[in-house]
Each structure stands twice: as structure tokens, then as C-alpha cells.
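# Model the following, please.
(chains A and B)
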Amino acid sequence: MQFIKTSFLLTSLTAGMLLAGCSSKLDVQPVNDISNTTALATSSDVEATLVGAYDGLGSGELYGGNLLRDGELVGDNGELLWQGTFTDVRAIYRRNIINDNAQVSRTWLDAYRAINIANTVLDNLATVDAAKRARVEGEAKFIRGSLFFELVRFYAKTWGDGDNAANLGIPIVLKGTTLIDVTANVARSPIATVYDQVIKDLTEAEGKLPATNGFFATKGAAAAQLSRVYLQKLDYPNAAAAASRVIAGGQYTLAPTVDQAFDLRTFINGSNTAETIFAIQVTDQDGVNNLNTFYTSAQYGGRGSDITITNKHLAIYDAADDRGNLFYQDENNYVRTIKFVNVYGNVQVFRLAEMYLTRAEANFRAGTTTGATPLADVNVIRVRAGLPALTTAQLSVTSILRERRLELAFEGTLIHDLKRTRSSTQYSATVFAWNSPRLVYPIPLREINSNPALVQNTGY
Amino acid sequence: MRKILLLLLGVLGLLTQSATAQDRQVTGKVTSAEDGQALPGVSVVVKGTARGTQTDANGGYTISLPKNAGSLVFSFVGTNTKELSVGSQSTLNVVMTNDSRSLDEVVVVGYGSESKRNLTGNIASVSSRDIQNVPVPSVEQALQGKVAGVQITSLNGKLGQGLQIRVRGSSSVTASNQPLYVIDGIPVTSQDQSSSTAPTNPIADLNFNDIESLQILKDASASAIYGSRASNGVVLITTKKGRAGKTQFELSGFYGGSTPTHKREFLNTQEYVSYVQGALANSAALGQDPFSQADLAGIFTQLTGGDRAAWEQAKVNTNWQDQIYQKAPIQQYDLSARGGDAKTRFFISGGYSDQNGILIKNRFQRLSGRVNLDHSATDKLTIGVNLNVARTTNNRLSNDNAFSTPMQIVALPFFTPLTDAAGNISSDYTLYYNPLLNRDFSSNVTTVNRLFGNVYADYKIVPGLSFRTELGTDQLIQRENQYYGRETARNISTPNGQGFDSWTQVSNYTTNNFLTFGQTFKQKHDVDATVGVSYQESTRTYNDLTAQQYPSDAYKQISSAAKVTGGNGNLSTFSFLSYFARANYRFNNRYLLGVSGRVDGSSRFGANNRYGFFPAASAGWILTEESFLKNIPALSLLKLRASYGITGNAEIGNFSSRGLYSGLASYAGALGQAGVAGVPGQVPSQIANPDLKWEKTAQSDFGLEFGFLNNRISGEVDYYIKKTSDLLLNVNVPGSTGFRTQLRNIGALENKGIEFVLNTQNTTGAFQWTTSLNIAHNTNKITNLNKQVIQGGFVNRAIEGQPIGVFFTREYAGVDPANGDALYYKNTTKADGTIDRTTVNADNINQAQQVVVGTPNPTYIGGVTNTFAYKGIDLSVLFQGQFGNQIFNGGGQYMSANGDYFDNQTRDQLNSWKKPGDITSVPQARLYGGNGTANSSRYLQKGDFVRLKSVTLGYSLPKTLVSKIGLTRVRVYASGVNLLTFTKYTGWDPEVNADYLAAGASGNISLGNDFYSAPQARTITGGLTIGF
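Next comes the predicted model:
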């Protein structure tokens, strides 16, 4: 009996000790990631989050390449050939998009993801050192404004296609998400409201950003984006003024020859060129250059035969045009653009040449000479490309737009230029008018399903 | 909780005291009729009581029994149960005879064992002889078709890959649906450890020839003792133990080879050229041609590497599919020794298995050793160790979605020559990356060193009350080493080679401490009980490095690379602290009652819901013990049982409840660091849910067990309802929040089903024929998802009112006979409430509503085994099947796309529409036409199949002969797996689920998809087993 008691006691003791020791063991803290309650404690925490927002902006679905790639695919008139296997991208190229197109969904999700990070930074500005606060605010607003602009251009009707105050734009979210409840079901704001927000963000960004800022956004970057916004809403005086501010700022110089405007090295960490206003940074360790992935042959790290350039495009260049030499024949004899040949090259979002062309067009259309005459601006670009200067008689909207197309070919502006100039696009024999619903992305089906406040676009 | 435990301990102590007073002792020895050897480990139970013991190493036993005890019941796995009346004897010796029916065997349950007769829960048992020497890497594959209600799917024909196991259907949408694996009492790591999206299976590290028995706990009363991890069923694996007596050696080995079960047919050069040219002409006629016929000729010539005659004159006809299968020898050798004496028993084994896959470079090797040792230190104290070390080496392949996976070679047209002019395999001119380059210039080897085992001490405090403590560990150390030479540049996007090296360590520590009590009162009341505590801690550390730019292909280690381009290091821990108890009560040997419960605490759950309680209750009635049935000779057993209980599912991420920030940007568009070009960054990575808790499954089970004609016909029928609530669900949230999903406890689903098992002994005597049949029917239905639509796979969905993973897409309406357009039913609801069955073509496909067009869940699964034995010859034949499910061919949009692109096409595409009036299901071929290639029911097919899963024919040499050469047993056999498949599915194999989808975030929904998935292997082996 004594023995029973002893063992009984021992057992209970063992068990008891075990329990006492273990309860605290359930409090396991994550070490790879950190808790949201401690993540934003200091100024440097918020600054690191800002870098995270840049990382989001540089997603392969956004300025990491696909946004620019798809701007060319949707606008194509037979100057390139999409032979890639991705059926979702092919649907964009064929302008026959289904409402559950995965590319359309990923672009949307990644854009709002970066917007949320930027919003989180803005919500925590008070934590940022006073000396850095304006810059941080400017950068976050640059990122947010830029993405609202890209979203409204792809997912809503073009500015001026009907009533901008009635046509639906995209949901505007200005606060970081800390809790998800019914207030997360944000409806689409009218296009005019979205443009107002974009201009507000970018204007404030331009005011707060420094002239130089490493490879992050600068005053010039915000002004460059503003010039695009104004151009898109056909506000030529403001477009010319914004472009002129970039040029007059003097931070960027045109590369002496056009090939030097691009990083033509291969398999090496990217670097900006003299005329880069803003670029997504890519290294062999991080970041993606999806323009390389899709435009470049396998020997330079691309996917292979996804996007090749057709003779129709090559035929546009004059024989003397140096830009006609920015192509190469790959191992399969396909013609490729050389602009994205470096697999670890930065993805240029704005470069100075565009500002000259924007100012020229805006001044020409508005009948102004903000900063310079349209003729002078166009000829800066032509002469650099090895072409003779145009005469006043040769200068027209058509000749300016032709210069713009050749200079910026495959850099992602095509569909937006076509829409604002009310020009059609074409796939094979099928023509799509500038305001065709086929040229507007659907609101992603997963978004319609998860947010009852959203209304789908026409045709989806 | 602690108070309850102490109280229970106290009660047990009191009961023990009162029960010990009136005992007397009986001793004896148990031997085997077969060879006269002593049989250790035989269960000896006082009939009608819970009081029992086991024979020791010499087959001896001592049992104390109540004065009026009638008889003793002796049972042992694989033998007939004997019941002998005690009378006034004090010595009772028993000879046990072999029995293949084993109706009254002892089965392992959570923290103990029980007689099957007294079970009130549903437990499926599989013994070693059902699974040994099956030529597959992992034990679950050897179970296919043998266990009612357990669906086991190999994702594809690649070796060492993860498997999909479903016990009574899927019980979760987001958390894991795989069962918990417990080896010799210790939960082990069974989750995918692969750093690629092709999953691995850590259970393959176990040499299953070491397994004595395997139990699958299916209903709540059996599994609730495993609480929060039991909803998906629990697999209890018990390894072989030592037996006292002369040391018995067994040497076995087999050798054989594998071939694919099926190949698909693709267009040859002539067919392809004219088909694609026609497709371009068709597009041109519609004004939708992307380029001219001359351009197409140029493309063809490029794809041949510049040899126009190769396609124009069909000079080259490369059947690419034939290049990716390899000769696949398979061999395995095992040597074991089993023996011991009264004090110490041992089982020692070593095994080597080398299996080559049917696909090039795919191989799985396992070297394993085991020591199981039991030592009786005193009459009361037994201590022991079970220890298993293993090393597996798996030469792996890219996932099914990679251009470099061998199966994707079928996309290449036949006119592309196998080698270039210089005789080299090349990717310079092939349509896609040539996977044969990976065969020649890459390696992808995963090596796992695994140690699992436990030490235990079992102390009999007094007769009827014992305490057992177990301390177990499972150490998994894995290295994944990959190297891609410069020839694979097109695949790796870098010119001078790429290497990847990862190390994973998963350390599991578990301790179980429990008291077991068994006693009989007044001859009619049997009580047994278990109460204990368990703690598990598991830590996973992982790091990897990626590097590029090697001096030459001869250098393969990271240190030779000029650039290190990526690195990861992380650590993650979870812990479970649990208290459990079980009590069974039997009255008059016929009325059975059981209750069990577990309180689980886990680090994985929200601060507000850290502990959960999982109770179960069950009852049984053995009708054949009643006087009104007892005297019907034909009726051997009739037993009714019912159970109800609640189990949980805790298989989610370790920190899923927390709001997190991360230095990694792990989402589709921007993998890698959240920083930019060396500047550090962080991003919000997860939105918090502090209320997160267990998913709960309430399961009811009603069972009937029967036996007729002296158990020559026996079986059981079960009906169950499993209702899961508080689903752990990755709920889609508006993307405009910056997040995609949030893990919440929302929704409910249910599984209902019937399981039927029938075992018959058709003949007795010299020629023995037995049949074992199991059929299970399960219906899965999601009853509440809070209106969520959750997508997975290509077109899989989780939708309220539907089974999990239904195929939800546009309904294909065939081909317009007038113009060859692919048509889709609109399926929109008209104003009057009826469904609009008019059709639209591909250009207007957005008008076609997506609807449920099929399900990946089989309605019936089953298997039937027939065994025959005659004078040393034995034959076993297993057919396995599943019915009622569909398969979606996600590769159809490429390989069966009526010439939409340059991918080679399956031969059925030749039936495409050609002229007005043609009736066909294949739309007009149009290059770049998108004519019918969108996801739709066009790519859905019935997945029913019946398979001749295995056949084994063996011959055991007569004992008189073998004993002359000093042996005890010699058996030769030939065995085949997957010999025949009967199916209407036209893909490679109906047992399929594309690996990269099954392992993905929505893997539970992504069911029944085929995507260039390798067929299963048909394996034929010959083997020899020698005992001495």
C-alpha cells in the first residue's frame, strides 16, 4: 500500500511539473516575420515600409514590366507579334479578355497592395524624423498617385469618353488597412474624382520631394508623372508646364546617342542612364525586369519567343534613324528590341526624351511655347537619333506623334497615347475604336465577388 | 485541468485498492501450432472483464482473476482467438492456430490497445502481410484499395512525391486535409518539406517492411483522444517488436522494373504540318491571321533548326514522348532478426530500396535500420526503445508546370530533330525549353536523414493499474541540392549555370505520460480507463542559397559560383500541450460504453482561443451475447455501435492568427526581399485575427458488425455524418484593402457516407479462397461559406451547397455545325426564372455564365482482394476503383486546342470541324483563334476507373525440404502493381492531380486536375523470402 502511494505521488508530481512547465511554452513568437504591433515603432521602421512600397511598385505585374508590356499589347497594330504561351496575356493581346483573366486580376491586386503600403506610411508620418518627413510623404504620395493613375487608365473608360463625372473609375482608398470589415467594400469613384486625387497626390509629391533622391522618386519623377496625367486628360498647358519643369530642373540630360539611353549590358545589375527620371531597380538578387522576360530572347535571359517585332514596325524607321538600329536578330532569326536586353537591367518608367516630346505636343496643341518651341523640342530628339531637323512646315501633330512612337516604342505608353489621340488599334483584320469596351480591362471577377460595392465594366 | 487530473488519479487509486482483494492466480504458456514456438505478446484477458495481461518472452503469463471468473480469452494478431474455461485449474497452456480472418484481434488505439470485439469506434486495421514488399516508395501507396473510406491518390507518376490522403472525405477548405501520423505513439512529421511546389512525402522515410500493424482511426470515438488534430483521421503505425525464443532471421529481396501505364498519341510531322497550315488558312479566311503562310513556313523551318525538308518532306519524325521514359529497374533487400529471452526481446532490421522512376532521372533510394528493444527490468517495470534511422535520396524532377519537367516535351512538334547537326541535344530551336537538357546537364537531389524513435518505461503499479511514460523524437534533416549547367540557360535565364542548396531541419519532441487502469467488478462490470498528458514541440529551421555563374559545368558547389543571388534563413516553432482521458465500461460483456476527451492548447491559435476541448462518447451492443441470439449456430457475431464526438483541425501556419510584417515580399509579382537594391524594406504581410481557433468536426457514426457461419462471412457497415464548423478559411477580401485573404473561422461543411466491409472465406481445406471487399460512399457538401467564392486549380471552386472543389466554369456546347465555332451555353437566368440554354461563341464568351459542371470527388471508392492458397502456392489479386468523379485536363488548352498555337496536338484534334454540316466536338482549327480554348467543360472528362492494382503469386517450398538445408521458410513470388486500368479517361492516367496545384495555397480545392502529369508506373517484380 505504501508503494502504491509512493508511485501515485510520483506520477502526480511528474504530471504536475510537466503542466506547470509547459503552459508558457504555448507562447511562441514568430521570428521570421514580426508583429504588426512592433513593426512601425521608429522612424526607420516607417522608412523601411516606404521601401517596401517601392518594392510593391516594382512588382512584375506593375512597373516591374507587365503594366508596360500590356500597354503595348493592348495597343498593338501589328507591329509586334505575341507568340507567348500565357493564355491570359494572349487574351489581352487579342483584346478578347475574360472577366477572370489572371493577369488583369494580378495587376489590380498588386497595385492596391502597394497603395496600402504607401497608405500605411502616410498614416505613420508622425513617427518619421521631422527632417525626413516631407520627403517620405512625397515619396508615398508619388507611389499612390502613380498607381491610381495606372489603374484608372486600364480599368475605366478613357478621359473624355462620355461624362467623366459619371463614368466609373476605380475605388479610392486613402488609409492603410488594419482591420477588414464592411468598410473595406469601397465602391468605384467617378473618373473625374480619381483624376483629382491623382493630381492632388502627385502635385503634393512634387512639392515635397527633393530634386535628387538616390534612385528613389524625385521632384522630377512626380512632375513627369503629372505631365502624363495632364496629357491623358487633354490638359495641354499643364502637361507642357509639368514636362518643362522636369527639363528645366536640370537633373537629367539626354544621352548623347539614343542607344546610351538604355542599359545595353547583359547579365549585370542594372544602372540608370543619364536620362532616367525614374526606374525600378533590379539586381541579380532582387527585383524583376519583366520587359526582358517577354521581349528578349532566351540567350539574354528572356522566355524566348514571346514578343517579337514585325517588319511592319521596322518599316516605319527612316534609313538614317539610329532608333531603327535598336533591334537585333536572335538565335531563331526573330527580330527583337534591344531596349531590355539586360535581364538585371532597371525598368525605366520615365526618361527625359519623353518630356521633350510631351512638351512639344502639348505646346503645339495649345499653341504655346512653354519652355521651348515645339519645333525645337522635336528636333532635339530627331537630331539625337541622327535624323535631319524638321522644318516648321513639316511640324504637325502627326509628325510629333510619329516621333513619339518611334522614340518610345515598346516602352509602355502606346495604348494610352492611342486612346487620348482617339486612334484605333487593330488585331489582324479586327479594328477596335479608341473607345471600344474591349480596350478597357474588366474589374477582376474575384474582386466583384469579394466586394459587393463594385460595378462591372461594359461588356464583361 | 490539473485538478480534474488529480481527481481522476485519486479515483483510480481507490478503485485499484478495492479490486485487488479477492484475486487468485493462473499461470501458463502459449505456443504456436505452426512451429511449436513460444508466442510472446499474446493478449490474455479474463472473459467479460477488462483484466488482462500479455505473455512474456517465453510465452508465459500470470494473471490474477476474480474467484468466479469463467474463462480466459487468448488473442494474438494473425491467430484464432481461443477461449478456455478456467475451472479450478491454476495452470492453463494454450496452442494458438493461424487464422487469416483475425476477427478478434487486438487493435492499437490512441495511448493503448483494445480487443476489436470490444471496440465502439471505427478503426481500420492493416497488418504487415497486407503491405510488405509492395514495390512503392511509401506505405500509404501500399494501402490503396485496402481500407474502406480512405482515398489515397498519387499526384502523378514521379517517385517520392507527396500523396493526397482523404479519410472520409475532405473536412477543411483551407487547413490541411491529411491525417495525423503517429508511429509507436509519437506524432511524426508528415507534411511536405519541399522548397519547390512539387511536394515531398516524409512518410516515405519509413521502411514499411518494419511495420507490424497500421490502424486508421476514422470516427470520433476512436480519434478524439488526438483532439485538435484528429478531424482528418489518425494513422497509428506500430512497428515490429521482439519475441522471446530462438532468434529468427528473415532475408527478403525483390527485383523488377516499371513502365508507364499509358501513353498519349500526338500528331506526326505530316499531320501536324497540314493541320497547322490549315489552322492558319482558317484564321486568314476570318481576317484573323497573325501572319502569312510564308511566315509560318519560316517558323516551321526555325523549329527544325533550319532544315526545311525536315517538315516539308517529313524527313524528321521525332516521337518526343518516347524520349522521356527510362528503363526503370527496382530492387529492395531486407534483413531482419527477431528474438530474445524472458528479460529482453529485440527486433533488428536493415533495408535497402532502390526504385527508379519511369521518367528520366527520377529515382528514390532508401537505406534504413531499426532497433526495437524491450527489457523487463522487474516484474513490474518494462523499459524499451524503438529507434529508426533512415536515409533517403530522391532524384527529383521539376513540377508539372515547369518547361523542364519531362512530360512537357510532348508539346514539341515531331519535325524538330532530336539532336542538332553536331549530334547534341539542343534547346536553341525547339518550341519550348528541351527537358532532355535537364537530364544531361542538371541534378536535383533531395537527401533526407531521418531519425525517429522513442524510449519508454511501463510500470505496473498494481495489477490493473500501470503508468507509462514515453519520450519520443523525430529528427528530419534534409538537403536539397540542385545544379543546372550552362546548357540549361534557356530554362534558368542565366548563362553560366545556377546552383541551389537548402538545408531543412525539423525537430520534434513529444512526451506522453499516462495511467492505464483496467478492472472487473462483480464479474459483470468491466472498466478500463486511461488518463494522461502530452506535450509536443516542433521546430523547423530552413536556409537556402542560390548562386550563379560557375567557371564550368564541372563546378557544382555554391562556393565556386561568382555570384550568390539569393538566400533565405528562417525558423518556425509550434507547440501543443494536451490532457487526455478515456474510460470504457462494459456490462455483462455485451453492453459497451466509452467516453474520451482531450484538452488541447496550441501556440498556433489566437490569444483569445488558445485551448479547445474535444470530447467523444460511444456505445455498443453485442447482440450475439444475448440469450435470444446466442443459440443460433449460424450467427457468430452481431454487434451494434454508435459514437458521437468532436475533433479539431489545427493544420494551419504556425502564426496564422497574427498581424505580421515581413522583410520578404512573397506574392506573385515580386518574389524576394521587400527591400530595393540593397536598401532594406518591410511590408505588411498578414492581417491579424486574434480570435482564430480550431476548426471543429462533430462526427456521428453508426456501425453494425456481423459474422456468420463461424465467422466465415464477416464484415461491418458504417454510416457516418461529419459536420465541420468554424472552418479555417482563407477568406477572399477586397483586393483594394491591400490584402488578398484573411484566415477566419467561417463556414461549415459536411461529409456523409456509408462504408461496407465484407470478408468471406469461400473455401476451406486444402484449397483456400478468401475474399475481402470494401466499398465506401461519401458525399461532401459545403453548407456555409459566408457567400465566399474560393477558387483553386484551373476551374475548381468552393461554393456553398456544392462539394468541395467542384469544377465551376463555362459549359461547353460543342461546335456550331454551320461555321465550326466553339459554343458555350449562356446558362444565365432569364426574367422568367428559367435558364437560358442558348449558346454564344468564343468572341462573346463573357456572356456565358460559369456553372458547376462536375466534381473531382468520387462518390464511390473501393477495392476487392481475392486470395487463394493451395499447397504452398498463394495468389492474391486486388482490384481497386473509384467512381463518380471528373478530371479537368488543364493542359488541354495547349495540347488539345485545335491548332490554336504551335504545341503539338493530341490526335483527337484531327476530328476538328472542316465544312458546314460537320458534327464534331472539336471546333474548327484556327491558329491564334482562341476557338474553344478558354477553360470550359470541353476539357472535363469522367475519371472513373477500375484498376488491377496488384497481383502476387507466390510459392512456399515445403517445410520438410527447407528444413533439410537449415532454413525455416523459403518463398518465391512474382508481383505486379497497376497491371491493368479500365477507364474512359483519355489522358495519361486517371489517378492524377497536378503536383504544383495540390501543394499550392488552395490545394484542398485544387482537386482532379491533370497538367502534363506523369502516368503511374506499372511495376513487375520477382522476389524471394528466406527465413532461418
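# make it CA atoms for all contacts and neighbour counts henceforth
Noted.
# what is the mean pLDDT for stretch B:499-508?
Mean pLDDT, stretch B:499-508: 95.
# Doesn't B:Gly453 lie inside a strand?
Yes. The assignment for B:Gly453, made by DSSP: H, G, I helix; E, B strand; the rest coil, places it in a strand.
# these two touch, right, it and B:Asn386?
Yes. Look at B:Gly453 against B:Asn386 with C-alpha atoms under 8 Å: they come within range, at 5.0 Å.
# shared neighbours of these two, anything?
Any residue near both B:Gly453 and B:Asn386 by C-alpha atoms under 8 Å, 6 or more residues apart in numbering or on different chains counts here, and that gives B:Asp184.
# contacting residues for residue 267?
I'll assume chain A. So A:Phe267 contacts A:284, A:300-301, A:342-345, B:494 (C-alpha under 8 Å, 6+ apart).
# nope, chain B
Applying C-alpha under 8 Å, 6+ apart, the residues near B:Leu267 are B:413-414, B:904-907.
# how about a cut-off of 6 Å?
B:905, B:907 (C-alpha atoms under 6 Å, 6 or more residues apart in numbering or on different chains).
# same question, B:Lys67
Applying C-alpha under 6 Å, 6+ apart, we find B:Lys67 in contact with no residue.
# And the host helix or strand of A:Val74, how far out from the chain middle?
Applying DSSP states H and E as the criterion places A:Val74 in helix A:66-75. In terms of C-alpha atoms, centre = their mean, to the nearest Å, the centre of helix A:66-75 is set 11 Å apart from its chain centre.
# Which strands and helices lie in contact with it?
helix A:414-420 (3 or more C-alpha pairs under 6 Å, 6 or more residues apart in numbering or on different chains; DSSP states H and E).
# For the helix it packs on, the averaged confidence score.
97.
# Show residues contacting the helix or strand that that helix is followed by.
Remark: after helix A:414-420, the chain's next helix or strand is strand A:425-427, criterion DSSP H and E. For strand A:425-427, contacts defined as C-alpha under 6 Å, 6+ apart pick out A:75, A:77, A:431-432.
# now swap in stretch A:299-318 and tell me
In contact with stretch A:299-318 (C-alpha under 6 Å, 6+ apart) are residues A:79-84, A:292-298, A:324, A:335-336, A:343, B:493-494.
# one more time with 8 Å
Contacts of stretch A:299-318 from elsewhere in the structure, counted by C-alpha under 8 Å, 6+ apart, are A:78-85, A:266-267, A:292-298, A:323-324, A:330-331, A:334-337, A:341-343, A:406, B:489-490, B:492-495.
# can you pull the alpha-carbon coordinates of it into PDB?
Only the C-alpha atoms of stretch A:299-318 are listed here, as PDB (Å, rounded to 0.1, in the frame of the first residue of the first chain):
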ATOM      1  CA  GLN A 299      20.100  33.800 -74.800                       C
ATOM      2  CA  TYR A 300      19.700  37.100 -72.900                       C
ATOM      3  CA  GLY A 301      17.600  35.600 -70.200                       C
ATOM      4  CA  GLY A 302      14.100  36.100 -71.700                       C
ATOM      5  CA  ARG A 303      11.400  33.500 -72.100                       C
ATOM      6  CA  GLY A 304      12.200  33.000 -75.800                       C
ATOM      7  CA  SER A 305       9.700  33.700 -78.500                       C
ATOM      8  CA  ASP A 306       7.000  35.600 -76.500                       C
ATOM      9  CA  ILE A 307       7.200  39.100 -78.200                       C
ATOM     10  CA  THR A 308       8.900  39.600 -81.500                       C
ATOM     11  CA  ILE A 309       9.000  42.700 -83.600                       C
ATOM     12  CA  THR A 310       7.400  42.600 -87.100                       C
ATOM     13  CA  ASN A 311       8.500  44.100 -90.300                       C
ATOM     14  CA  LYS A 312       5.600  46.400 -90.200                       C
ATOM     15  CA  HIS A 313       7.200  48.200 -87.300                       C
ATOM     16  CA  LEU A 314      10.700  48.100 -88.700                       C
ATOM     17  CA  ALA A 315       9.400  49.700 -91.900                       C
ATOM     18  CA  ILE A 316       8.400  52.900 -90.100                       C
ATOM     19  CA  TYR A 317      12.000  54.000 -89.400                       C
ATOM     20  CA  ASP A 318      13.900  56.100 -91.900                       C
END
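# So what's the gap between that stretch and the chain middle?
22 Å.
# Flag every buried residue along stretch A:38-50.
A:39-40, A:43, A:45-50 (16 or more other C-alpha atoms under 10 Å in any protein chain shown).
# Check which element follows the helix holding A:Val74 along the chain.
Assignment by DSSP H and E places the next element after helix A:66-75 at strand A:80-82.
# tell me which strands and helices that following strand is in contact with?
Here strand A:80-82 touches strand A:307-309, going by 3 or more C-alpha pairs under 8 Å, 6 or more residues apart in numbering or on different chains; DSSP states H and E.
# May I have the strands that pair with the strand it packs on, each with its orientation?
strand A:80-82 (antiparallel) (DSSP bridges).
# Let me see the residues that make contact with whatever helix or strand comes next after the strand it pairs with.
Using DSSP H and E, the helix or strand that follows strand A:80-82 towards the C-terminus is helix A:87-93. Applying C-alpha under 8 Å, 6+ apart, the external contacts of helix A:87-93 come out as A:70, A:73-74, A:76, A:82-84, A:97-98, A:101-103, A:427.
# just stretch B:305-316 next, same as before
Stretch B:305-316 has contacts (C-alpha under 8 Å, 6+ apart) with B:269-270, B:273, B:300-301, B:304, B:414-417, B:420, B:428-430.
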